[in-house]
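Enquirer: Got a sequence here, can you model it:
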Amino acid sequence: MIGRGISEREVKEAITKGAKRIQDGKIISSYSYFEVVYKKIKDEIYVITVKPRW
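Expert: I've put the predicted structure just below:
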């Protein structure tokens, strides 16, 4: 995330505002120029990776 120049604030925005799809039990949220792959277990969100969308 840091190596790709994406801040924690942007990741939080992606999770709350991004367009979501489910793949292999994970949620992929597309936002701006990147995607956040995460899992939601109970009320906790676990970020797996953050990657550019290109």
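
Enquirer: Return the distance of residue 49 relative to residue 28.
Expert: Residue 49 sits 10 Å away from residue 28, going by Cβ to Cβ, to the nearest Å. To be clear about C-beta, it is placed using only N, CA and C from the backbone, and glycine gets the same treatment.

Enquirer: okay, and the common contacts of these two?
Expert: The contact sets of residue 49 and residue 28 overlap at 36-37 (Cβ atoms under 8 Å, 6 or more residues apart in numbering).

Enquirer: Assign residue 21 to helix, strand or coil.
Expert: At residue 21 the chain is in strand, as set by DSSP: H, G, I helix; E, B strand; the rest coil.

Enquirer: Bridge partners for it, pull those for me.
Expert: Note on residue 21: beta-bridge partners by DSSP bridges are residue 28.

Enquirer: any idea of the pLDDT on the residue nearest the centre of the chain?
Expert: Centroid-nearest residue in the chain, with Cα atoms, centre = their mean: residue 36, separated by 1.8 Å. You'll see residue 36 listed with a pLDDT of 97.

Enquirer: For the most far-flung residue of the chain relative to its centre, list the residues it contacts.
Expert: Most distant from the centre of the chain: residue 42, at 17.2 Å, with distances by Cα atoms, centre = their mean. By Cβ under 8 Å, 6+ apart, residue 42 lies in contact with nothing.
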